[in-house]
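K.L.:
Next one to model:
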Amino acid sequence: MEIRRMDMRRTDRQLHGLEQITGVLDRTEVVRLGLVDSEGPYVVPVHFAYVVRDGKITILTHGAAEGRKLAAIAADPRCCIEVDRLISHGGGEDGPCSLTADYESVIGFGNAHLITNPHEAREALAAIVARVSSEQASALPPVLPPRVAVIAIDLHTVTGKAHRS
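P.N.:
Got it, this is the predicted structure:
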């Protein structure tokens, strides 16, 4: 598995390998999806799931079948994702400049597209819903309503960072 990485100033905090990256994804509930449209940058928090195929991560999310998010994706599929998890605050013994936080985060860049195959869209939505409620995931209708859109974001660059004291 090869993950293309961005340069990172604090390489001592960089996560390495797919297992560490997906571990952070497993421990977070919301991904922030960053898009750009004619109005400028747009960041929206969304529930998500992910799949790994051939060592590459695809983020799955959903939303209304119309609106700013889908219009932005249709105009330009390039996007970024960000997840983070604050573990604790610490430090401060030497004043406010010594405050720190234990955290872990992942940032990725890729291309988004709608999942148009009804079976694949339902499977993806079931995975997203299952992260919140397995009962609700099993209650999904066989065919999704037309007002629901399911989005896949194929990441081509991903990096993670963690600080654990």
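K.L.:
which residues are in contact with the lowest-mean-pLDDT helix or strand in the chain?
P.N.:
Lowest by mean pLDDT, DSSP states H and E among the helices and strands of the chain is helix 134-138, with a mean of 78. With contact meaning CB atoms under 8 Å, 6 or more residues apart in numbering, helix 134-138 is reached by 126, 127, 129, 130. Every C-beta, even on glycine, is put in place using the N, C-alpha and C of the backbone.
K.L.:
What residues of the helix or strand following it count as buried?
P.N.:
Of the helices and strands lying after helix 134-138 in sequence (DSSP states H and E), the nearest is strand 148-163. Neighbour counts using 16 or more other CB atoms under 10 Å place 149, 150, 151, 152, 153, 155, 158, 159, 160, 161, 162 of strand 148-163 among the buried residues.
K.L.:
what is the rounded mean pLDDT of strand 148-163?
P.N.:
For strand 148-163, the mean pLDDT works out to 92.
K.L.:
Can you classify the residue most central in space within the chain by secondary structure?
P.N.:
For the chain, residue 31 is the residue whose C-alpha lies nearest the centre (CA atoms, centre = their mean; 4.0 Å). The three-state label given to residue 31 by DSSP: H, G, I helix; E, B strand; the rest coil is strand.
K.L.:
Distance check, the residue nearest to it when sequence neighbours are not counted against residue 21.
P.N.:
Once flanking residues are discounted, residue 31 sits nearest to residue 48: 4.3 Å by CB to CB, 6 or more residues apart in numbering. Counting by CB to CB, to the nearest Å, the gap from residue 48 to residue 21 is 14 Å.
K.L.:
ok, residue 149 - contacts?
P.N.:
62, 63, 64, 65, 70, 114.
K.L.:
and the two most separated of the residues you listed?
P.N.:
64 and 114 (12.0 Å; CB to CB).
K.L.:
Which helix in the protein has the most residues?
P.N.:
Ranked by number of residues, the top helix in the chain under DSSP state H is helix 118-130.
K.L.:
ok, and what's touching that helix?
P.N.:
Counting by CB under 8 Å, 6+ apart, 47-49, 51, 60-62, 115, 136-138, 140, 142-144, 148, 150, 152 sit against helix 118-130.
K.L.:
at 10 Å what do you get?
P.N.:
The contact list for helix 118-130, computed with CB atoms under 10 Å, 6 or more residues apart in numbering, reads 46-51, 58-62, 114-115, 117, 134-144, 148-152.
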